[in-house]
Structure formats: C-alpha cells, structure tokens
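**Q** Mind looking at a prediction? Sequence and model below.
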Amino acid sequence: MVSNLSDYKTEVHNDWCPGCGDFGIVNAIQMALAEMEVPRDKAAIFSGVGCSGKTSHFVNVYGIHTLHGRVMTFAQGAKLANPEMTIIAAGGDGDGLGIGAGHFVAAGRRNVDMTYIIFNNGVYGLTKGQASPTLKLGLKTKSLPEPNVNQAVNPIALAIASGFTFVARGYAYDVRQLKDLIIAAVKHRGLAFLDVLQPCPTYNDINTRDWFSGMDNINEMTKKPQPRIYKLEDTNYDPIVHIDSQEEENEKLTQALIKSNEWGEKIPTGIFYQNELIAPYDQRIADRIPNYLENPPSVQEITSNGKPITDISRMLDSLQI
Amino acid sequence: MSSIDLTWVIGGPQGGGVETAANIFAGACAASGLKIFGKREYYSNIKGEHSYFGVRVSDKTIRSNVNGVTMLAAFDAETIFRHADDVFNDGAIVYESDLVPMKIEEVPTLDHDFKKRLVKYLTSKNKSLTIQGTLDAAKERGVHLYPVSFKTILSNLADETQNPKLRGMFRMLNVLAVSVSLGILSLPSDTLLKSVESIFSKKSQIAEMNKHAANYAYNFATAKYPKYKYQLSPIQKEPDTIMLQGFQSTGLGKIVSGCRFQSYYPITPASDESVFMESNETFDVENNRPGSTMIVQTEDEISAIGMTIGAALTGTRAATCTSGPGFSLMSEALGWAGINEVPIVVTLYQRSGPSTGLPTRHGQDDLQSAIHAGHGDFPRIVYASGDMEEGFYDTAKCFNFAETFQMPVIHLMDKFIASTVATVKRFDPKKITIERGKLLEKIESEDYKRFASSPDGLSSRSRLGLEKGIFWNTGDESDEYGHISEDPENRIFKMDKRATKLEFALKTISKEDQATNYGVSEFCIISWGSTKGPILDAIDMLKKEGFAIGFIQIKLLQPFPTDYIKSLIKGSKTIIDIEANHTAQLGSLLNEHLDQKVDYYIVKYTGRSMTCTEIYDSLKKILQNKAEKRQVLTYGV
C-alpha cells in the first residue's frame, strides 16, 4: 500500500492564525506518517490543550484531544494497553513543561516506546499571550504587562535528566528536517522527545521567524542575514550512545547538556542525544509477563458467551479455609 | 454446647507483629469452622504508634463488631492503658507481667487528649496512674487478670532449644500472646500450630521456631490456668469458606471480570488492592493463552486516571483505585471520560476526610463527592457495596455498567471493608456475567461516527486500532465524529444524548441491583455501603426481643432510584438514615428525591466503624420514642 499524504489530512477547518508555526508541525507529522506508511488505523495522535491541542483533529488517524497538561498520561495508557499502535503525543510548552511537568519527568523514567512533540513558542497563545515556561527571563513579549520574572526551563536538558532516550529539536519552518526528525523519533525504540521551535506570530514578537532567520543580524560583509538556527548533523556531532558503558553515556549526556544550553546567536537543531541501550517499558514488562507483547491488554479475551473465562481458582484456593 | 461469640483483641506498636498475631488467631478459629469478623485499626505511622486488631469469633454468621472485648492480649503498656476499660466485666486481660509498674507518662505515644481522659478515669476510681492502677480498676469490675512473663517464656525457650538468639526476638511475643490466649480459651492446639505454619509458610525455619514457641506457650497456659468461662471449640466446617481481607475482594472481582489494566498512585487504604493485583498479575484463562493484568504505579492520581482512560480507549477493561484525596485530583479527568463516553471504573476506598483527615481511619465521607466531582453536567454511575462479597460481585457489575452505558462508574468501598478480615462463602465466578455493550469487533461502514445519534443515547463504540474505526475525542464539545463543535444545536444534541444514557441506565439496571430490600416495616432504615453488616446484626438482636425494623440498602446512588425506593417505603411511617459521616450525605439525597423526609439520623464520624451494639442501642431509643432526631455514635479506641 502506498500512502498518499492527502490520506492523512482531515477536512476539519484549521483555525490557527495565519503564519503560525503549528502548520509546519502538523504538515511534518502527516508527511512522516505517509512516508512511513503507517496504516491510518494503527496510529493515534494524542494532544494536550491549547492551540497545539487541535493538532489531533487535523490528522486523519485516531485523534485524542485530552486535558491541559495530561496528554502524556492518556497516551502512555493507550500505548501500554495496545503496543501495536504508533503513538504521537503533541502539546504546547505550557502544557508539557508547566502544568504537565510532573508527567514529563515521570514519562522519561518509564521510557514507553512513543513520541512526544512539544510546540515551543514561549507563550500561552490561546489565553492571549501570557509567559510560558520556556520564555527567557526578562523578556517582555507584546501582551505582557511587565517583563517575564521567571527563568526559562531548558526542555532538552530536562528531557535528558528525566530519562528520555531520544532527545531532539526541530524548527517549525524547516518542515523537511522536522519530518525526518519525527520519523527518527517514531522509529526510535523508547520514548522520544522532540522540542519544536514554533514562532507564535500573534503573541511572541521577540522569537519571531525573522529573529530565528537572523534578519536582525546582517553580516556586514555579505549583507546577508546570519541565521541563528543550524543543524547538528552539519557538524561532527554524534548524539548516539553506541556502547553500554558509563564512560560513553557520560560523554554523550554531557555534550548534549552543553549543546542544550546554546541559545542566542546560535541555536542548534537535530538529535542531541539517543540511547537505545536502555530497555523500553514494554521490554521491562515483558520480562515479568512473558506473553505481554503478543497478548497485551487490548487483545486479551475476557469472556465466552457472556461468562468470565479468567481462572481465579488458584487465588481462591490460597484463601480457602 | 453453649453458643460461641467472643471478641479477642491484640494490641501493640505498629510494625510489632500485631497483624501476624491476629492472623494466626483468626486462622486457627476459622480452621475450626468458626466464623470470623476481624477489624484492624492503625495510625498513619510506620513504626511505634498503637495499632490493634479485634477478632470477633462466633459459631453463627456475624457481619460486624460489637462493643467491648472478651479477651485482651497485651505485651505493651499502651494496649492496657487504651483498652482495659473496654474489657467486659467478665472478660479477661492476658498481659506481660513486667509492665505492671509502668506509669502513664512513660508511654510517649499516648496522646494528650487520651491521657487526660485516662487520668480523670483512674483518679475517679481512686487508682494509681499506672498499669497497676488500670488493672486494679478492671479487676474491681470482675475482669480476670492473667499476668504472664512472656519474656521469661522466651528465655526458657532459648535455654531449652539452646538458641540464645531467641531471648531477644521480641517479635515472637505476638505468637506467645496468641498461644497463651488460645490455651486459656481451650481451642485445640493442632489448629493453632497449623495456623502458625501457614502464616510463616514461606520461611520454613521461622515457621518451625514459631510452632515450637506456640506449642510451649499453649501448654504453659493450659497447665497453669483453670478453665475460663469462655471457651472456643471446633464446629462442623462449612464447605467452600474463604477468609480474606476486604481489599482482596475488589481485586479478585477485577481480575475475573476482565480488568486488564489498572493504574494507581499509592494511598491508604486503596493501594492494597493494586498491590494485591500486581502480586497476581498473571493467571490462566480457559481455552486460551495465559492472561495478565498490567498494573502501573503512576506519578499522581491525575496520571492514574489519565492512563486508565487511555487504556479504556483501546477497548481494554481499565480501572483505577483510590481514596478521597486522590479522587479529588481525578475529578477533571472524570469529566473528560464523561463527555467522551469512555467506560472506566474508579474504585473509591473512602476514608475520613476532609483533606488528609484521618488517613487510616474509616468514613463514608465521599458519597456527595462521588456524585458531584468534576465541573459541568455529565453522566456517571455511583455504586456502593456493603461488604466484601458485594465488593467482589459488584466489581463485575460496575464494569458492565461502564461498558453498557459508556460512562465512568465510581465504585464506593471504604476503609472498614478494606481492613476487615472475615470468613465468607467462596466467591463463585459463575455468578458473574460480562456485558460489553456496543463495543465493536468489526466495522463495515466507511463513515464511522463515534457519537452517532441513537434513541437510547448509546452509539457503537470503536477502539484504538480497529480498522475503519477512526474517531476523535476531545474535552471540548464535539460533533458526531468527535471533532470540536460550538454549534448551539449540536450542543443540545450532545448534552441530551449523554443525559439520555443516564435515564436509560436507570431503566435498565434491575431493581435488585438498585437496592437490597431486607424487609420493610413501620420503622425503616435506609442506608448505604458498609453499615450493612452492623445494621443487619442489630436488626437480628432486636428481632430476638420482638422488634421488627425494616432495612433498605441503596446500592445505586447515581442515578438515584427514586421510583423504586418510593415504592418500597410506602408502608413505612418512620425513616431512619444510618451512615458514617457528619452531614448525613445519603440523608440529603433521600430528602431531595423522596416525598417522605428522614425522621431520624444515626451518624458516626470518629473514624471508627459502627458496631452492631451501638446501632442496636440507638435503634432501641427510636423504638422507645426516646431518641433525639440525630444520634452521634462514638464507640471505639
């Protein structure tokens, strides 16, 4: 079966603001699913609440638009019950790193085999532009009455510290790279995190598309803008933990943390860290429940002719007087 | 043979083996064919605070505890200070004789309020503020005292077995206390030894050591003491009897009715159920591959219910289990399950609130919370079980309700049931049915609509992964496909659709499942949940005196079975509401839904469960026209 990109699009009217970075992300998700030829009924997009929460309605696969901050909880429950599904969770930076930060950290510890994309624009768009957890200290985006008084959280560093085994960053206006990153994230065995820089044209008048492109920083010699965004894959950066040794892991973790702190004149995109030597959650469960993967919760037979078929006689025997 | 009905209480510091001792006692009695009803009380503490276990033993069916203690076994001072006054006048205290000189102020775990009451009591009796004084006061009332030097027994045992380590094994004091008690009560020693063996079945060396100690202490007691007034003797064992703790009942119910996913966050007293299920995570399935239930410990209760919903969306029977504070955290997601018509079961083991409240104590505090939790109008079913047998069978019903009516079901249990140990008839899985409602196995149509209109409000339910079954869910209001819609006409359609399901549920759920009618008379009790046992026992006590009292136990609390309850109480003149909370939460429902108003309230909110004795006393006052409109029960340490 050859998948057409159009198969993955719904007819739902998209009401994001003109020029919104979210369009690039939803396009990249649709392109990635089409390129991987994931059957539509074997994929699900879970989303949080906010502008990015609407993503699930625009992709023609199972779409679960959950609660503010809770997207990962719903998504992990579904994946664990039906591991056959390809699951992508999507949500905003406020959703995942503010109200949902506890779930973000806990998800890293589990390493469930799925992908989590954060639409990172520094503001709470749908409630008219309050500062989000990723807005830098001291910045005053246009609807803030006063400059931001909080330090920004570093999503890449937090993901690494929490135990995500694939940590990458994309840029909403580089759809091709983003599509490739989503494919790599989905194919990764374990929990993948994708931080997507996504300018909000309505409320974030500082980290704009022009800002990322370096329009404010013209090279005096060439008279050309000097883009802030660059790709790690264009450097000799190797994000992968190749061998199961503490030394190797320390080296890869450290370089990723240092890279994650790079911001301002140069902003890296691409894969920061990848470690497939850590067992994903399903493997940890299969070690305890040997037939978990071929007989997961969602496919187990529980009844025959309306009667239970689970045999609890051994459990009752142990309680017998 | 005279009938048997006595209560044996053992107390001690938390973590000191009180529970092990009680289990040995209960196991020995149950193995002798006797009926057991035991209750565990403990502080929110890991080690050191006072905990106790009361075991009521009878040769007839018992469903509750009574006021008073027949025999108290104590190897620490606090147990004597706290419980001596509760021992019947013809009861007995078996205690460590070394404790006699201990003063009240030497027990740091006695709290200020209790100390004040104790001092007042002993002073009024003109007794010294010591164990000696406390025992003197008891003796004056006729209580039999059995001073035993358990430490001497331990050291004799050490000499005899040439095992000097034994001298310091204070955990064994429990076993000695049980054994001396059973010796005085004359239960044959073989049942004691078998019970010890089965409690320590996983550690054969420790089992042998404890058996030896038990035998030694038992023989010590039978040789030393004359026959006591109360005796235990074996009776004909009823076949198919099991002995279990309440939390196991819903756990077993979940496994057998096909719950294959449960997520939870640790909380007392609910998490015992999840831990029990995880210990039994794999099992055989008739003519099929081995099955399993996945138990996931989450980062909080919000995640617990989120994961439950996610799993339920895949067509898996999924549940979570929590107590009051955790349930409060779940309320937003409960509404999400409501608006998206997701079948989930939330088992709610209530405890005393508000806030952290009395975290390890009993209460039926969360009925109104279960009915109203979450913002906005959405349908849910609230169902309450009265004891552990109901806990087992009702769990299966709750899953059927959830899947048939496509809505969240809150199954109300409580701490009283959770920590009760009792002998009951072995659960029969054949009595359970599994109804999955409109869950789809296959879809032909190319235009599936998850929320398609239908007269009963119920649409065919697809699940994640089903071919041609793609649907959308959202916490926003949505159209038939599940896409966001703010259209006013669609809003009316969807709100009415969901409300219709609730009406349909009320029409469909059988009367027997709505409420249990134990007979109606001029005086009629209406109650819910775990008050069932003590109420039934109290009614039996009154019947023997020639008083007839009716009792209706409401199980379906949302939607409220107004018509059925109205029809049942037609012949009643006096309505008595009994429940373990402050505001009489069921009482408000009765006054809201019924034409007849509640005449009398019997409530308890000390954090201790009701006994049949205190219900009997308060009912009798009502029958004799001597009762206040609201009686507050207070029994219990």
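**A** Structure received. All values reported here derive from a predicted model rather than from experimental measurement.
**Q** Up against chain A, what does the stretch 301-450 of chain B have?
**A** B:302-318, B:332-333, B:336, B:396, B:423, B:426-427, B:429-430, B:432-436 (C-beta under 8 Å from any C-beta of the partner chain). (C-beta placed from N, C-alpha, C; glycine too.)
**Q** Out of those residues, list just those in strands.
**A** B:Arg317, B:Ala318, B:Thr423 (DSSP state E).
**Q** May I ask which of those has the most neighbours?
**A** Among these, B:Ala318 has the most neighbours (other C-beta atoms under 10 Å in any protein chain shown), with 33 neighbours.
**Q** quick revisit: buried only: go through the residues of the stretch 301-450 of chain B next to chain A for me.
**A** B:302-318, B:332-333, B:336, B:396, B:423, B:426-427, B:429, B:432, B:434, B:436 (16 or more other C-beta atoms under 10 Å in any protein chain shown).
**Q** which regions of chain B lie under the pLDDT threshold?
**A** Scanning chain B for pLDDT under 70 picks out the ranges B:1-2.
**Q** residues in contact with the most centrally placed residue in it?
**A** Nearest residue to the geometric centre of chain B (C-alpha atoms, centre = their mean): B:Ile417, 1.0 Å. Taking C-beta atoms under 8 Å, 6 or more residues apart in numbering or on different chains, we find B:Ile417 in contact with B:Gly246, B:Ser249, B:Tyr349, B:Ser385, B:Asp387, B:Met388, B:Gly391, B:Ser530.
**Q** And the furthest pair within those?
**A** Using C-beta to C-beta, these reach their maximum pairwise distance at B:Tyr349 and B:Asp387, which is 13.7 Å.
**Q** The two: which has the busier surroundings?
**A** B:Tyr349 (31 against 22).
**Q** Just read off the phi/psi values of the residue lying closest to the more buried one once chain neighbours are set aside.
**A** Leaving aside its sequence neighbours, B:Tyr349 sits nearest to B:Ala270 (C-beta to C-beta, 6 or more residues apart in numbering or on different chains; 4.1 Å). Dihedral pair for B:Ala270: phi -70, psi -30, per degrees, to the nearest 10.
**Q** I figured B:Ala270 was touching B:Thr320, is that so?
**A** No - the criterion here is C-beta atoms under 8 Å, and B:Ala270 misses it with B:Thr320 at 9.1 Å.
**Q** Give me the common contacts of those two.
**A** With C-beta under 8 Å, 6+ apart, B:Ala270 and B:Thr320 have common neighbours B:Tyr264, B:Thr347.
**Q** So which residues of chain A form helices?
**A** Ranges of helices in chain A, per DSSP state H, are A:22-36, A:55-58, A:71-81, A:93-94, A:101-110, A:155-162, A:175-187, A:209-213, A:246-260, A:281-288, A:313-319.
**Q** Show me which residues of the stretch 101-250 of chain A are close to chain B?
**A** Checking the stretch 101-250 of chain A against chain B by C-beta under 8 Å from any C-beta, the hits are A:Gly102, A:His103, A:Val105, A:Ala106.
**Q** Give me the neighbour count for the first one.
**A** It refers to A:Gly102. A:Gly102 - counted by other C-beta under 10 Å - has 16 other residues nearby.
**Q** okay, B:Ala270 and B:Thr320: which has more neighbours?
**A** In this view B:Ala270 and B:Thr320 are compared by other C-beta under 10 Å, and B:Thr320 has more residues nearby, 32 against 28.
**Q** which residues does that one contact?
**A** B:262-264, B:301, B:304-305, B:307-308, B:330, B:344-347.
**Q** ok, these vs B:Gly91, which is closest?
**A** Closest to B:Gly91 out of the contacts of B:Thr320 is B:Thr347 (37.8 Å), distances taken as C-beta to C-beta.
**Q** so is that closest one in a helix, a strand, or just coil?
**A** Using DSSP: H, G, I helix; E, B strand; the rest coil, the structure places B:Thr347 in strand.
**Q** For it, give its distance to chain A.
**A** 17 Å (C-beta to the nearest C-beta, to the nearest Å).
**Q** mind checking the backbone torsions on B:Tyr230?
**A** phi -100, psi 130.
**Q** Burial check on it, number of neighbours?
**A** B:Tyr230 is flanked by 21 other residues according to other C-beta under 10 Å.
**Q** That one touches B:Val69, doesn't it?
**A** No - using C-beta under 8 Å, B:Tyr230 is not in contact with B:Val69, being 11.4 Å away.
**Q** I am finished for the moment; much appreciated.
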